[in-house]
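Q: model this:
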Amino acid sequence: MAFLNRRTAPNIATLVLVAGLGAASLNIFLPSMPGIAEHFGVPYGTVQLLVSAYLAGTAVMQVIIGPLSDRYGRRPVLLTCFGIFLFGTAICATADSFAMLMVGRMIQTVIVSGFALSRAIVRDMVSMEEAASMIGYVTMGMTLVPMITPIIGGYLEEWFGWASTFQFLFLISLIILAIVWLDLGETNTTKSGSFSAQFRAYPELLRSRRFWGYTATAAFAAGAFFAFLGGGPYVATVILGMEPADVGKSFIYIALGYMGGNFLSGRYAKRFGITPMMVIGSLLACFGLVMSLALFLIGFQHPMTFFGPIFFVGLGNGLTLPSANAGMVSVRPHLAGSASGLGGACMIGGGAALSVIAGQLLSPESGVYPLLLVMLTSCCLGIAATLYVRHVDAKVAKELAESPAS
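A: Residues are numbered from 1 along each chain as shown. Okay, here's the model as predicted:
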(Lines give C-alpha, C1' and ligand atoms only; values in the text may rest on other atoms or scores of the structure.)
Protein backbone atom coordinates (compact mmCIF):
# COMPACT_ATOMS: atom_id res chain seq x y z
CA MET A 1 0.00 0.00 0.00
CA ALA A 2 1.36 3.38 -1.03
CA PHE A 3 1.96 6.01 1.64
CA LEU A 4 0.15 9.36 1.29
CA ASN A 5 -2.18 8.04 -1.40
CA ARG A 6 -5.87 8.70 -0.80
CA ARG A 7 -6.89 6.04 -3.33
CA THR A 8 -5.31 3.08 -1.48
CA ALA A 9 -5.69 1.47 1.94
CA PRO A 10 -3.84 3.39 4.66
CA ASN A 11 -0.29 2.68 5.65
CA ILE A 12 0.07 0.95 9.03
CA ALA A 13 1.94 4.02 10.33
CA THR A 14 -1.16 6.13 9.69
CA LEU A 15 -3.30 3.71 11.70
CA VAL A 16 -0.76 3.90 14.53
CA LEU A 17 -1.02 7.71 14.59
CA VAL A 18 -4.82 7.65 14.39
CA ALA A 19 -5.13 5.19 17.28
CA GLY A 20 -2.34 6.87 19.22
CA LEU A 21 -4.03 10.27 19.28
CA GLY A 22 -6.85 8.83 21.37
CA ALA A 23 -4.30 7.47 23.84
CA ALA A 24 -2.58 10.86 23.96
CA SER A 25 -5.86 12.62 24.68
CA LEU A 26 -6.54 10.22 27.53
CA ASN A 27 -3.24 10.38 29.36
CA ILE A 28 -1.17 13.45 28.45
CA PHE A 29 -2.76 15.52 31.24
CA LEU A 30 -2.66 12.81 33.96
CA PRO A 31 0.35 14.36 35.78
CA SER A 32 -1.59 17.65 35.81
CA MET A 33 -4.65 16.29 37.64
CA PRO A 34 -3.55 17.41 41.14
CA GLY A 35 -2.58 20.79 39.63
CA ILE A 36 -5.95 21.15 37.91
CA ALA A 37 -7.69 20.43 41.24
CA GLU A 38 -5.65 23.17 42.90
CA HIS A 39 -6.09 25.66 40.03
CA PHE A 40 -9.89 25.42 39.95
CA GLY A 41 -10.34 24.76 43.68
CA VAL A 42 -12.18 21.45 43.24
CA PRO A 43 -11.63 18.07 44.99
CA TYR A 44 -9.42 15.49 43.30
CA GLY A 45 -12.45 13.19 43.00
CA THR A 46 -14.11 15.84 40.82
CA VAL A 47 -11.04 16.23 38.62
CA GLN A 48 -11.02 12.46 38.21
CA LEU A 49 -14.18 12.94 36.12
CA LEU A 50 -11.88 14.20 33.38
CA VAL A 51 -10.93 10.53 33.02
CA SER A 52 -14.08 8.62 34.00
CA ALA A 53 -16.65 10.91 32.32
CA TYR A 54 -14.42 11.06 29.24
CA LEU A 55 -14.35 7.26 29.12
CA ALA A 56 -18.13 7.10 29.50
CA GLY A 57 -18.50 9.61 26.68
CA THR A 58 -16.24 7.61 24.39
CA ALA A 59 -18.34 4.52 25.13
CA VAL A 60 -21.43 6.33 23.84
CA MET A 61 -19.54 7.69 20.84
CA GLN A 62 -18.41 4.24 19.74
CA VAL A 63 -22.01 3.02 19.52
CA ILE A 64 -22.70 5.83 17.04
CA ILE A 65 -19.40 5.98 15.15
CA GLY A 66 -19.28 2.27 14.27
CA PRO A 67 -22.61 2.19 12.38
CA LEU A 68 -21.85 5.58 10.79
CA SER A 69 -18.63 4.17 9.32
CA ASP A 70 -20.45 1.07 8.04
CA ARG A 71 -23.00 3.32 6.35
CA TYR A 72 -20.91 6.24 5.04
CA GLY A 73 -17.36 4.84 5.04
CA ARG A 74 -14.34 4.97 7.32
CA ARG A 75 -12.68 8.04 5.72
CA PRO A 76 -15.45 10.68 5.94
CA VAL A 77 -16.42 9.67 9.48
CA LEU A 78 -12.83 9.75 10.72
CA LEU A 79 -12.05 13.13 9.13
CA THR A 80 -15.22 14.67 10.60
CA CYS A 81 -14.36 13.34 14.05
CA PHE A 82 -10.88 14.86 13.80
CA GLY A 83 -12.36 18.29 13.11
CA ILE A 84 -14.70 18.05 16.10
CA PHE A 85 -11.83 16.85 18.30
CA LEU A 86 -9.75 19.91 17.42
CA PHE A 87 -12.64 22.16 18.45
CA GLY A 88 -12.96 20.39 21.81
CA THR A 89 -9.22 20.54 22.41
CA ALA A 90 -9.22 24.30 21.77
CA ILE A 91 -11.95 24.68 24.42
CA CYS A 92 -9.86 22.70 26.93
CA ALA A 93 -6.76 24.77 26.24
CA THR A 94 -8.61 28.05 26.89
CA ALA A 95 -11.02 26.95 29.65
CA ASP A 96 -11.47 29.49 32.46
CA SER A 97 -13.57 27.20 34.66
CA PHE A 98 -13.68 23.51 35.48
CA ALA A 99 -17.15 23.26 33.92
CA MET A 100 -15.79 24.58 30.60
CA LEU A 101 -12.88 22.15 30.81
CA MET A 102 -15.39 19.31 31.22
CA VAL A 103 -17.34 20.54 28.17
CA GLY A 104 -14.17 20.45 26.10
CA ARG A 105 -13.33 16.96 27.35
CA MET A 106 -16.76 15.68 26.38
CA ILE A 107 -16.35 17.06 22.86
CA GLN A 108 -12.93 15.41 22.68
CA THR A 109 -14.56 11.99 23.08
CA VAL A 110 -15.12 11.78 19.31
CA ILE A 111 -11.44 10.89 18.90
CA VAL A 112 -12.31 7.39 20.07
CA SER A 113 -13.13 6.96 16.37
CA GLY A 114 -9.38 6.61 15.85
CA PHE A 115 -9.05 3.36 17.74
CA ALA A 116 -12.53 2.02 16.91
CA LEU A 117 -12.15 2.61 13.18
CA SER A 118 -8.53 1.46 13.02
CA ARG A 119 -9.79 -1.97 14.19
CA ALA A 120 -12.55 -1.94 11.57
CA ILE A 121 -10.13 -0.80 8.83
CA VAL A 122 -7.76 -3.65 9.67
CA ARG A 123 -10.65 -6.12 9.52
CA ASP A 124 -11.66 -4.65 6.15
CA MET A 125 -8.20 -5.49 4.86
CA VAL A 126 -7.33 -8.95 6.28
CA SER A 127 -8.75 -12.15 7.85
CA MET A 128 -9.45 -12.66 11.59
CA GLU A 129 -6.14 -14.31 12.56
CA GLU A 130 -4.22 -11.82 10.43
CA ALA A 131 -6.28 -9.04 12.02
CA ALA A 132 -5.16 -10.08 15.51
CA SER A 133 -1.57 -9.94 14.32
CA MET A 134 -1.96 -6.60 12.52
CA ILE A 135 -3.90 -5.02 15.40
CA GLY A 136 -1.05 -6.17 17.63
CA TYR A 137 1.46 -4.31 15.50
CA VAL A 138 -0.77 -1.22 15.30
CA THR A 139 -1.21 -1.09 19.07
CA MET A 140 2.48 -1.85 19.62
CA GLY A 141 3.34 1.26 17.65
CA MET A 142 0.53 3.17 19.31
CA THR A 143 2.00 2.31 22.70
CA LEU A 144 4.85 4.71 22.05
CA VAL A 145 2.29 7.48 22.58
CA PRO A 146 1.31 6.64 26.20
CA MET A 147 4.99 6.02 26.92
CA ILE A 148 5.94 9.52 25.82
CA THR A 149 2.93 11.77 26.42
CA PRO A 150 2.70 11.47 30.25
CA ILE A 151 6.39 12.39 30.41
CA ILE A 152 5.79 15.36 28.12
CA GLY A 153 2.69 16.26 30.12
CA GLY A 154 4.61 16.11 33.39
CA TYR A 155 7.27 18.52 32.18
CA LEU A 156 4.73 20.84 30.54
CA GLU A 157 2.85 20.95 33.86
CA GLU A 158 5.98 21.88 35.78
CA TRP A 159 7.19 24.46 33.25
CA PHE A 160 4.03 26.09 31.85
CA GLY A 161 0.98 24.79 33.77
CA TRP A 162 -1.84 22.40 32.96
CA ALA A 163 -3.27 24.29 29.93
CA SER A 164 -0.05 23.76 27.97
CA THR A 165 -0.77 20.03 27.71
CA PHE A 166 -3.93 20.74 25.71
CA GLN A 167 -2.17 23.33 23.58
CA PHE A 168 0.47 20.74 22.69
CA LEU A 169 -2.27 18.19 21.96
CA PHE A 170 -3.94 20.65 19.56
CA LEU A 171 -0.73 21.09 17.54
CA ILE A 172 0.01 17.38 17.13
CA SER A 173 -3.65 16.76 16.21
CA LEU A 174 -3.34 19.18 13.28
CA ILE A 175 -0.30 17.31 12.01
CA ILE A 176 -1.99 13.91 12.26
CA LEU A 177 -5.14 15.24 10.56
CA ALA A 178 -3.02 16.32 7.57
CA ILE A 179 -1.48 12.83 7.32
CA VAL A 180 -4.90 11.14 7.55
CA TRP A 181 -6.30 13.43 4.86
CA LEU A 182 -3.45 12.53 2.50
CA ASP A 183 -3.12 8.79 3.23
CA LEU A 184 -6.45 7.28 4.28
CA GLY A 185 -8.18 5.59 1.37
CA GLU A 186 -11.65 4.13 1.86
CA THR A 187 -11.59 0.45 2.91
CA ASN A 188 -15.30 -0.15 3.45
CA THR A 189 -16.35 -1.54 0.07
CA THR A 190 -19.71 -2.93 1.26
CA LYS A 191 -21.48 0.06 2.78
CA SER A 192 -24.86 -0.62 4.36
CA GLY A 193 -28.05 0.70 2.79
CA SER A 194 -29.04 3.00 5.63
CA PHE A 195 -27.91 4.20 9.04
CA SER A 196 -30.99 2.75 10.73
CA ALA A 197 -30.22 -0.63 9.17
CA GLN A 198 -27.01 -0.72 11.14
CA PHE A 199 -28.83 -0.27 14.44
CA ARG A 200 -31.32 -2.93 13.42
CA ALA A 201 -28.33 -5.23 12.94
CA TYR A 202 -27.27 -4.87 16.58
CA PRO A 203 -29.58 -7.68 17.79
CA GLU A 204 -27.63 -10.04 15.52
CA LEU A 205 -24.53 -9.17 17.51
CA LEU A 206 -26.32 -9.20 20.85
CA ARG A 207 -27.48 -12.78 20.27
CA SER A 208 -23.92 -13.98 19.66
CA ARG A 209 -22.40 -15.59 22.74
CA ARG A 210 -18.95 -15.43 21.15
CA PHE A 211 -19.28 -11.67 20.64
CA TRP A 212 -20.15 -11.20 24.32
CA GLY A 213 -17.30 -13.47 25.39
CA TYR A 214 -14.72 -11.51 23.40
CA THR A 215 -16.24 -8.21 24.52
CA ALA A 216 -16.19 -9.20 28.20
CA THR A 217 -12.58 -10.34 27.91
CA ALA A 218 -11.60 -6.99 26.39
CA ALA A 219 -13.69 -5.02 28.88
CA PHE A 220 -12.17 -6.62 31.98
CA ALA A 221 -8.61 -6.43 30.62
CA ALA A 222 -9.05 -2.76 29.71
CA GLY A 223 -10.92 -2.15 32.97
CA ALA A 224 -7.81 -2.87 34.99
CA PHE A 225 -5.86 -0.38 32.90
CA PHE A 226 -8.51 2.35 33.15
CA ALA A 227 -8.76 1.84 36.91
CA PHE A 228 -5.00 2.40 36.98
CA LEU A 229 -5.40 5.62 34.98
CA GLY A 230 -8.09 6.86 37.35
CA GLY A 231 -6.35 6.02 40.62
CA GLY A 232 -2.66 5.84 39.68
CA PRO A 233 -1.95 9.60 39.76
CA TYR A 234 -3.55 9.87 43.21
CA VAL A 235 -1.53 6.95 44.56
CA ALA A 236 1.67 8.36 43.08
CA THR A 237 1.28 11.96 44.29
CA VAL A 238 -0.67 11.67 47.55
CA ILE A 239 0.32 8.26 48.91
CA LEU A 240 3.83 7.88 47.47
CA GLY A 241 4.71 11.61 47.40
CA MET A 242 5.96 11.79 43.81
CA GLU A 243 6.40 14.94 41.71
CA PRO A 244 4.36 15.39 38.45
CA ALA A 245 7.36 14.82 36.15
CA ASP A 246 8.27 11.63 38.04
CA VAL A 247 4.66 10.43 37.79
CA GLY A 248 4.77 10.91 34.03
CA LYS A 249 8.04 8.98 33.76
CA SER A 250 6.68 6.10 35.85
CA PHE A 251 3.83 5.47 33.41
CA ILE A 252 6.48 4.14 31.03
CA TYR A 253 6.48 0.78 32.84
CA ILE A 254 2.92 -0.18 31.93
CA ALA A 255 3.45 1.24 28.44
CA LEU A 256 6.62 -0.83 27.93
CA GLY A 257 4.76 -3.93 29.05
CA TYR A 258 1.88 -3.16 26.70
CA MET A 259 4.29 -2.58 23.82
CA GLY A 260 6.02 -5.89 24.48
CA GLY A 261 2.71 -7.74 24.67
CA ASN A 262 1.55 -6.23 21.39
CA PHE A 263 4.82 -7.21 19.72
CA LEU A 264 4.31 -10.80 20.88
CA SER A 265 0.71 -10.66 19.65
CA GLY A 266 1.84 -9.46 16.26
CA ARG A 267 4.42 -12.25 16.07
CA TYR A 268 2.50 -15.20 17.52
CA ALA A 269 -1.30 -14.62 17.39
CA LYS A 270 -1.61 -16.07 13.88
CA ARG A 271 0.50 -19.11 14.87
CA PHE A 272 -1.11 -20.01 18.20
CA GLY A 273 -4.62 -18.60 17.86
CA ILE A 274 -6.39 -15.84 19.72
CA THR A 275 -7.79 -17.84 22.68
CA PRO A 276 -4.40 -18.99 24.05
CA MET A 277 -3.10 -15.44 23.72
CA MET A 278 -6.02 -14.13 25.80
CA VAL A 279 -5.57 -16.76 28.53
CA ILE A 280 -1.84 -16.14 28.90
CA GLY A 281 -2.34 -12.37 28.89
CA SER A 282 -4.95 -12.43 31.64
CA LEU A 283 -2.79 -14.68 33.83
CA LEU A 284 0.23 -12.38 33.45
CA ALA A 285 -1.83 -9.34 34.48
CA CYS A 286 -3.01 -11.15 37.61
CA PHE A 287 0.56 -12.16 38.41
CA GLY A 288 1.74 -8.54 38.36
CA LEU A 289 -1.03 -7.33 40.66
CA VAL A 290 -0.52 -10.16 43.15
CA MET A 291 3.19 -9.31 43.19
CA SER A 292 2.50 -5.63 43.93
CA LEU A 293 0.02 -6.48 46.70
CA ALA A 294 2.50 -8.87 48.30
CA LEU A 295 5.31 -6.30 48.24
CA PHE A 296 3.14 -3.62 49.87
CA LEU A 297 1.86 -6.08 52.49
CA ILE A 298 5.38 -6.97 53.62
CA GLY A 299 6.29 -3.30 53.96
CA PHE A 300 7.92 -2.15 50.71
CA GLN A 301 6.30 1.30 50.42
CA HIS A 302 8.12 2.52 47.31
CA PRO A 303 7.12 3.83 43.85
CA MET A 304 8.70 0.79 42.17
CA THR A 305 6.57 -1.48 44.37
CA PHE A 306 3.57 0.04 42.60
CA PHE A 307 4.79 0.84 39.08
CA GLY A 308 7.24 -2.05 38.60
CA PRO A 309 4.78 -4.99 38.80
CA ILE A 310 2.25 -2.96 36.78
CA PHE A 311 4.56 -3.77 33.85
CA PHE A 312 2.94 -7.23 33.81
CA VAL A 313 -0.54 -5.69 33.57
CA GLY A 314 0.60 -3.88 30.44
CA LEU A 315 2.25 -7.03 29.08
CA GLY A 316 -0.89 -9.07 29.73
CA ASN A 317 -3.16 -6.48 28.10
CA GLY A 318 -0.85 -6.36 25.11
CA LEU A 319 -1.39 -10.10 24.65
CA THR A 320 -5.12 -10.08 25.43
CA LEU A 321 -6.60 -7.01 23.74
CA PRO A 322 -5.49 -7.48 20.10
CA SER A 323 -6.90 -11.01 20.09
CA ALA A 324 -10.10 -10.03 21.91
CA ASN A 325 -10.64 -7.12 19.52
CA ALA A 326 -9.95 -9.27 16.46
CA GLY A 327 -12.45 -11.87 17.71
CA MET A 328 -14.99 -9.16 18.45
CA VAL A 329 -15.00 -7.72 14.92
CA SER A 330 -14.83 -11.15 13.26
CA VAL A 331 -17.97 -12.69 14.75
CA ARG A 332 -20.00 -10.93 12.03
CA PRO A 333 -17.49 -9.60 9.46
CA HIS A 334 -20.16 -7.65 7.54
CA LEU A 335 -20.82 -5.70 10.75
CA ALA A 336 -17.16 -5.01 11.61
CA GLY A 337 -17.72 -1.30 12.25
CA SER A 338 -20.80 -1.86 14.37
CA ALA A 339 -19.13 -4.67 16.29
CA SER A 340 -16.08 -2.51 16.91
CA GLY A 341 -18.28 0.34 18.11
CA LEU A 342 -20.57 -1.71 20.34
CA GLY A 343 -17.75 -3.83 21.74
CA GLY A 344 -15.60 -0.78 22.29
CA ALA A 345 -18.47 0.98 24.06
CA CYS A 346 -18.82 -1.94 26.47
CA MET A 347 -15.06 -2.07 26.97
CA ILE A 348 -14.61 1.62 27.67
CA GLY A 349 -17.88 1.96 29.59
CA GLY A 350 -16.74 -0.78 31.94
CA GLY A 351 -13.39 0.95 32.23
CA ALA A 352 -15.09 4.23 33.14
CA ALA A 353 -17.04 2.52 35.91
CA LEU A 354 -13.91 0.92 37.34
CA SER A 355 -12.07 4.23 37.09
CA VAL A 356 -14.77 5.91 39.20
CA ILE A 357 -14.80 3.08 41.74
CA ALA A 358 -11.02 3.18 42.12
CA GLY A 359 -10.99 6.95 42.50
CA GLN A 360 -13.72 6.97 45.14
CA LEU A 361 -12.20 4.20 47.25
CA LEU A 362 -8.74 5.75 47.50
CA SER A 363 -7.71 7.91 50.43
CA PRO A 364 -4.49 8.59 52.35
CA GLU A 365 -5.73 6.16 55.00
CA SER A 366 -6.64 3.35 52.59
CA GLY A 367 -3.29 3.36 50.86
CA VAL A 368 -2.83 1.63 47.54
CA TYR A 369 -4.87 -1.48 48.37
CA PRO A 370 -8.33 -0.51 46.98
CA LEU A 371 -6.85 0.26 43.57
CA LEU A 372 -4.83 -2.96 43.37
CA LEU A 373 -7.80 -5.06 44.50
CA VAL A 374 -10.16 -3.46 41.94
CA MET A 375 -7.61 -4.13 39.19
CA LEU A 376 -7.01 -7.72 40.33
CA THR A 377 -10.74 -8.46 40.44
CA SER A 378 -11.13 -7.12 36.91
CA CYS A 379 -8.27 -9.30 35.62
CA CYS A 380 -9.72 -12.42 37.29
CA LEU A 381 -13.08 -11.76 35.63
CA GLY A 382 -11.20 -11.42 32.33
CA ILE A 383 -9.87 -14.96 32.78
CA ALA A 384 -13.41 -16.22 33.38
CA ALA A 385 -14.65 -14.47 30.20
CA THR A 386 -11.84 -15.99 28.13
CA LEU A 387 -12.63 -19.48 29.44
CA TYR A 388 -16.27 -18.87 28.50
CA VAL A 389 -15.26 -18.05 24.92
CA ARG A 390 -13.20 -21.24 24.77
CA HIS A 391 -16.18 -23.23 26.07
CA VAL A 392 -18.51 -21.74 23.45
CA ASP A 393 -16.02 -22.38 20.64
CA ALA A 394 -15.56 -25.99 21.75
CA LYS A 395 -19.32 -26.51 21.92
CA VAL A 396 -19.86 -25.07 18.43
CA ALA A 397 -17.03 -27.21 17.02
CA LYS A 398 -18.57 -30.32 18.58
CA GLU A 399 -22.01 -29.52 17.16
CA LEU A 400 -20.53 -29.04 13.69
CA ALA A 401 -18.61 -32.33 13.94
CA GLU A 402 -21.76 -34.21 14.94
CA SER A 403 -24.03 -32.64 12.32
CA PRO A 404 -25.20 -34.92 9.47
CA ALA A 405 -23.70 -32.57 6.87
CA SER A 406 -20.23 -33.19 8.26
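
Q: secondary structure class for Ser25?
A: Taking DSSP: H, G, I helix; E, B strand; the rest coil as the rule, one finds Ser25 in the helix state.

Q: kindly list the longest helix within the protein.
A: The longest helix of the chain (DSSP state H) is helix 369-402.

Q: for that one, buried residues please.
A: Using 16 or more other C-beta atoms under 10 Å as the test for burial, helix 369-402 gives 370-372, 374-383, 385-389, 392-393. C-betas here are computed from N, CA, C, even on glycine.

Q: before we move on, what about stretch 153-169?
A: So for stretch 153-169, counting by 16+ other C-beta under 10 Å, buried means 153-158, 162-166, 168-169.

Q: now, the residues you listed that are in helices?
A: Those of the buried residues of stretch 153-169 lying in helices (DSSP H): 153-158, 163-166, 168-169.

Q: now, the most widely separated pair of the residues you listed?
A: Glu158 and Leu169 (17.1 Å; C-beta to C-beta).

Q: and stretch 152-164, average pLDDT?
A: The pLDDT scores in stretch 152-164 average 86.

Q: report the distance from that stretch to the chain centre.
A: 23 Å (C-alpha atoms, centre = their mean, to the nearest Å).

Q: ok, stretch 247-262 next?
A: 14 Å.

Q: before we move on, what about stretch 278-295?
A: The answer for stretch 278-295 is 19 Å, by C-alpha atoms, centre = their mean.

Q: tell me which residues of it are tucked away?
A: 278-289, 291-293, 295.

Q: which residues touch Lys246?
A: No, residue 246 isn't Lys; it's Asp. 154, 236, 303 (C-beta atoms under 8 Å, 6 or more residues apart in numbering).

Q: Val60 too?
A: 109, 345.

Q: does it sit in a helix, a strand or a coil?
A: helix.

Q: what does the pLDDT read for it?
A: 79.

Q: do you know the pLDDT at Ala245?
A: 75.

Q: so it touches Gly153, yeah?
A: No. Judged on C-beta atoms under 8 Å, Ala245 makes no contact with Gly153 at a distance of 9.2 Å.

Q: joint contacts of the two?
A: Common neighbours of Ala245 and Gly153 (C-beta under 8 Å, 6+ apart) are Pro31.

Q: the buried residues of stretch 153-169: which two are farthest apart?
A: Glu158 and Leu169 (17.1 Å).

Q: re the thing from before, between the ones in helices among the buried residues of stretch 153-169, which is nearest Ile357?
A: Gly153 (24.3 Å).

Q: would you check that that closest one makes contact with Leu26?
A: No. In this structure, Gly153 is not within contact of Leu26 by C-beta under 8 Å, at 11.0 Å.

Q: which positions in stretch 51-63 come out as buried?
A: Buried residues in stretch 51-63 (16+ other C-beta under 10 Å): 51-59, 61-63.

Q: what pLDDT does Leu240 get?
A: 85.

Q: contacts only, for it.
A: Contacts of Leu240 by C-beta under 8 Å, 6+ apart are 301-303, 306.

Q: now those in TSV, with distance to Ala218 and neighbour count?
A: Rendered in TSV, the data for those read as follows (distance: C-beta to C-beta, whole Å; neighbours: other C-beta atoms under 10 Å):
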residue	distance to Ala218	neighbour count
Gln301	33	12
His302	32	12
Pro303	29	18
Phe306	25	25
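
Q: in helices only, show me those.
A: 303, 306.

Q: out of the contacts of Leu240, who's nearest Gly83?
A: Phe306 (39.0 Å).

Q: how close does the closest one get to Tyr234?
A: 11 Å (C-beta to C-beta, to the nearest Å).

Q: now swap in Leu177 and tell me
A: In terms of C-beta to C-beta, Leu177 sits 33 Å off from Tyr234.

Q: what do you get for Gly161?
A: 20 Å.

Q: helix or strand: which one has Gly308?
A: helix 303-330 (DSSP states H and E).

Q: repeat for Thr89
A: helix 74-94.

Q: buried stuff in whichever helix or strand comes after that helix?
A: Going down the chain from helix 74-94, the next helix or strand is helix 98-108, by DSSP H and E. By neighbour count with 16+ other C-beta under 10 Å, helix 98-108 contains the buried residues 98, 101-102, 104-108.

Q: reformat those as a markdown table; add pLDDT and distance to Gly327.
A: Shown next, in a markdown table, are those (pLDDT from 0 to 100; distance: C-beta to C-beta, whole Å):
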| residue | pLDDT | distance to Gly327 |
| --- | --- | --- |
| Phe98 | 91 | 40 |
| Leu101 | 93 | 37 |
| Met102 | 92 | 35 |
| Gly104 | 93 | 35 |
| Arg105 | 91 | 31 |
| Met106 | 91 | 30 |
| Ile107 | 91 | 32 |
| Gln108 | 89 | 29 |
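
Q: pipe those residues into CSV and attach distance to Val77 per row.
A: Shown next, in CSV, are the buried residues of helix 98-108 (distance: C-beta to C-beta, whole Å):
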residue, distance to Val77
Phe98, 31
Leu101, 26
Met102, 25
Gly104, 21
Arg105, 21
Met106, 19
Ile107, 16
Gln108, 16
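
Q: from these, which is closest to Gly22?
A: Looking across these and measuring by C-beta to C-beta, the closest to Gly22 is Gln108, at 9.3 Å.

Q: leaving out sequence neighbours, find the closest residue to that closest one.
A: Gly88 (4.1 Å; C-beta to C-beta, 6 or more residues apart in numbering).
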